[in-house]
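>>> Have a look at this fold, sequence not included:
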Ligand SMILES: CCCCCC/C=C/C(=O)SCCNC(=O)CCNC(=O)[C@H](O)C(C)(C)COP(=O)(O)OP(=O)(O)OC[C@H]1O[C@@H](n2cnc3c(N)ncnc32)[C@H](O)[C@@H]1OP(=O)(O)O
């Protein structure tokens, strides 16, 4: 009842503000309007043009762009309809669904035409030369780039401290799968803005499906297991560039990375007991191994927050850098790593990880099953309600 009440209050608030946060599909390159039928290149150029618009075209246009983009890339909407309280995703779903069986080619052309009309009415900030970088397309919660042998996956919800919403979980899995197959030598995860990540987006708990909270918890456990599984199985060196504070699942996952570089501004906090929850990301296994059972207990059970220096002393962080030189020093180092023979790095990682893989998957399954129960507990529900009704922060 408390959750439903809260969700309703959130819905009322979001009615006024939610559409402000609908983000654009992204990509690159500039517009070519010579062909009658829009080519894939025209489409990509148009997507980049959208990204460069200086002025916000308004929610209605953004929804139109979103729906045409989805129709052009995925065809008719066959996603389940989001719940009534999930206002942003429902607005997006409605717009996409309204396009019915519009052919992909027509959607692509309409997208290009719409962007063209916007570009002439709204000044764009700059032109990006074709092919100057390799930003990946279509992510709403991430910025993914690939250059110098490094695929960089940047969490990109800075106004929400890079909290992981359901879409971000899916996009990270997608980006990791793509990175595992691309020609980069190493993969980096980092955050945009002042936080690395504030962990699970606590509003994930408010969108209750028709099957109720039990179904929500079950779906959450399935998603979490698949998500963590992607980190367990990732085949290339995976490096975390922890640019600021990290909370919850963004901390626990660090035990599955091959190296962790942190700014001295970063902190590491897993307040699971405070939230009525329990450890995930295989941390119930990796943390005691990395830092001793007692130190792991201080973090995972008592919620002790570590500074970057402390996390380094405990072995969770590989090296700490002053914030003022963090990016420069870390990326210089990463570029040097990326020049090493990629197959040798991959095979060396494999031989290290293979010893543990089965165990890690078993731990992941158990943690998800325990968490599924925790999410249904009063302790957890009260903690989430308190955060969302602004009664508490970490
Ligand atoms: C499929 C499900 C898998 C679940 C896996 C299990 C994972 C577990 C975890 O990760 S547990 C950790 C959960 N995270 C938290 O409890 C953090 C909650 N956030 C905070 O305590 C604070 O926001 C803060 C300390 C991170 C930052 O505080 P402050 O600097 O004062 O900023 P704001 O609080 O004003 O935050 C700005 C803006 O971001 C929103 N926000 C921040 N973190 C989260 C979050 N985790 N979930 C949802 N929203 C978050 C915050 O509400 C503000 O939004 P607003 O501007 O008010 O719209």
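The structure has been received and is ready for your questions. Note that the structure is a prediction, hence the values are computed from the model and not measured. Numbers count the residues shown, from 1 in each chain.
>>> contacts and neighbour counts: CA atoms only from here.
Fine.
>>> Close to the ligand: what parts of the chain are there?
Proximity of the chain to the ligand, by CA under 6 Å from any ligand atom, involves residues 159-161, 163, 198-203, 220, 223-224, 247-249, 272, 393-394.
>>> now for the biggest helix by length in the chain, which elements pack on it?
As assigned by DSSP state H, the longest helix anywhere in the chain is helix 212-233. Helix 212-233 is packed against helix 166-181, helix 357-374, with contacts defined by 3 or more CA pairs under 8 Å, 6 or more residues apart in numbering; DSSP states H and E.
>>> how about those, which one is nearest residue 346?
With CA to CA, the closest approach to residue 346 among the helices and strands packed on helix 212-233 belongs to helix 166-181: 10.2 Å.
>>> Residues in contact with that closest one: which ones?
For helix 166-181, contacts defined as CA atoms under 8 Å, 6 or more residues apart in numbering pick out 139-142, 144, 151, 153, 187, 204, 223, 227, 230, 234-236.
>>> Please flag which of those residues sit within helices.
Judged by DSSP H, helices contain the following of those: 223, 227, 230.
>>> the strands in the stretch 251-394 of the chain, which residues?
Counting by DSSP state E, counting those that start in this stretch, the stretch 251-394 of the chain has strands at residues 259-263, 267-269, 306-307, 319-321.
>>> Sheet partners, orientation included, of the longest one?
Using DSSP bridges, the neighbouring strands of strand 259-263 in the sheet come out as strand 238-242 (parallel), strand 319-321 (parallel).
>>> and residue 152, how many neighbours does it have?
24 (other CA atoms under 10 Å).
>>> Could you double-check that it lies in contact with residue 182?
No. Distance between residue 152 and residue 182: 11.9 Å, which falls outside the contact criterion (CA atoms under 8 Å).
>>> which stretch among the helices and strands packed on helix 212-233 comes nearest residue 92?
Taking CA to CA, helix 166-181 is the member of these nearest to residue 92, at 12.7 Å.
>>> What average pLDDT does stretch 101-112 get?
Averaging pLDDT along stretch 101-112 gives 82.
>>> err, stretch 150-167, not the other one
98.
>>> just stretch 286-298 next, same as before
Mean predicted confidence for stretch 286-298 is 98.
>>> can you pull the buried residues of stretch 340-358?
Residues 342, 345, 346, 349, 350, 353 are the ones in stretch 340-358 that count as buried (16 or more other CA atoms under 10 Å).
>>> what do you get for stretch 305-313?
Residues of stretch 305-313 classed as buried by neighbour count (16+ other CA under 10 Å): 305, 306, 307, 308, 309, 311, 312.
>>> Including pLDDT and distance to residue 68, could those residues go into JSON lines?
Shown next, in JSON lines, are the buried residues of stretch 305-313 (pLDDT from 0 to 100; distance: CA to CA, whole Å):
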{"residue": "305", "pLDDT": "98", "distance to residue 68": "45"}
{"residue": "306", "pLDDT": "98", "distance to residue 68": "46"}
{"residue": "307", "pLDDT": "98", "distance to residue 68": "46"}
{"residue": "308", "pLDDT": "98", "distance to residue 68": "44"}
{"residue": "309", "pLDDT": "98", "distance to residue 68": "48"}
{"residue": "311", "pLDDT": "98", "distance to residue 68": "46"}
{"residue": "312", "pLDDT": "98", "distance to residue 68": "47"}
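>>> now, among these, which is nearest to the ligand?
residue 305 (11.4 Å; CA to the nearest ligand atom).
>>> Could you find the closest non-adjacent residue to the closest one?
Leaving aside its sequence neighbours, residue 305 sits nearest to residue 269 (CA to CA, 6 or more residues apart in numbering; 4.5 Å).
>>> give me every residue that touches the one you found.
Contact analysis of residue 269 by CA under 8 Å, 6+ apart lists 246, 247, 248, 251, 299, 303, 304, 305, 306.
>>> ranking these by neighbours, who comes first?
Taking other CA under 10 Å as the neighbour criterion, residue 246 ranks highest of the contacts of residue 269 with 27 neighbours.
>>> rewinding a little: I'd like to know which of the contacts of helix 166-181 are buried.
139-142, 144, 151, 153, 187, 204, 223, 227, 230, 234-236.
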